[in-house]
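>>> no sequence on hand, only this structure:
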């Protein structure tokens, strides 16, 4: 994870991390239990990344780009589709025949999204925003990702680095959104 840097550097570092996890999944034979562990780590990274983008990046896109609303709406549609795949995936064991189909689908969706952001969205944002706006967004995105719930769960991994990360459950995406927005907290 990059420490410091503007929003583009931060999100690009996330992309590299996810690409690396995808590579590890692809190196393992079908049915290998480690594929499921890596898929869970990918899910956690992607959810943190998505929630941070939805909270800070896309509002900035709407504000600073000429066709910002259309761009942000397209990116959000990508997230929704990847999220559905992740929800379906987290119910599957590595030896479930559906697991391979779903992980392949998720990799394709995410790689397409990454290509789109890095070749189109990020350059447009770099042109439209001052360095201080991009740095400020980078700080906000880092803070948002740190808010990810990490309380321990019975049966969660005990070895680093997996022990520091919440094992995904069906409500992971919703819990992270709640944590970020403060929804469900007593006021």
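Great, that's in hand. Remember, it's a predicted structure, so these values are computed and weren't measured experimentally.
>>> distance check, the residue nearest the centre of the chain against residue 67.
Note on the chain: the residue nearest the mean C-alpha position is residue 46, at 1.9 Å, using Cα atoms, centre = their mean. Per Cβ to Cβ, to the nearest Å, residue 46 is found 25 Å from residue 67. From N, CA and C alone the C-beta is placed, and that goes for glycine too.
>>> that older thread, so the residue nearest to the centre of the chain sits against residue 107, correct?
No: between residue 46 and residue 107 there is no contact under Cβ atoms under 8 Å: 11.0 Å.
>>> poorly predicted segments of this structure, please.
By pLDDT under 70, the low-scoring segments of the chain are 1-3, 148-187.
>>> ranges for the helices of it?
7-27, 33-52, 58-64, 68-89, 97-116, 122-128, 131-146, 172-181 (DSSP state H).
>>> of the ones you listed, flag the one that's most buried.
Across the helices of the chain, the average number of neighbours (mean count of other Cβ atoms under 10 Å) peaks for helix 33-52, which reaches a mean of 21.
>>> distance from that helix to the middle of the chain?
Offset of helix 33-52 from its chain centre (Cα atoms, centre = their mean, to the nearest Å): 7 Å.
>>> now do stretch 62-79
On Cα atoms, centre = their mean, the centre of stretch 62-79 falls 17 Å from the chain's centre.
>>> so what touches that stretch?
Residues outside stretch 62-79 that contact it (Cβ atoms under 8 Å, 6 or more residues apart in numbering): 50, 53-54, 58-59, 61, 109, 112-113, 116-117, 121, 124-125, 128-129, 133.
>>> one more time with 10 Å, if that's ok
46-47, 49-51, 53-54, 57-61, 109-110, 112-114, 116-117, 120-121, 124-125, 127-130, 133, 173 (Cβ atoms under 10 Å, 6 or more residues apart in numbering).
>>> same check on stretch 94-106?
22, 25-26, 28-39, 42-43, 46, 81-93.
>>> do that again at 8 Å, thanks
So stretch 94-106 is contacted by 25, 30-36, 39, 42, 82, 85-86, 88-89, 92-93 (Cβ under 8 Å, 6+ apart).
>>> over to stretch 121-136?
For stretch 121-136, using Cβ under 8 Å, 6+ apart, the contacting residues are 6, 7, 8, 11, 12, 60, 61, 64, 65, 71, 75, 137.
>>> right, and the last one touches residue 57 too?
If I follow you right, that is residue 137. Yes: in terms of Cβ under 8 Å, residue 137 counts as a neighbour of residue 57; the distance is 6.7 Å.
>>> how close does residue 73 get to residue 94?
35 Å.
>>> coming back round to it: identify the residues contacting the residue nearest to the centre of the chain.
So residue 46 contacts 18, 82, 86, 110 (Cβ under 8 Å, 6+ apart).
>>> one more time with 10 Å
14, 17-18, 21, 79, 82-83, 85-86, 106, 109-110, 113, 173.
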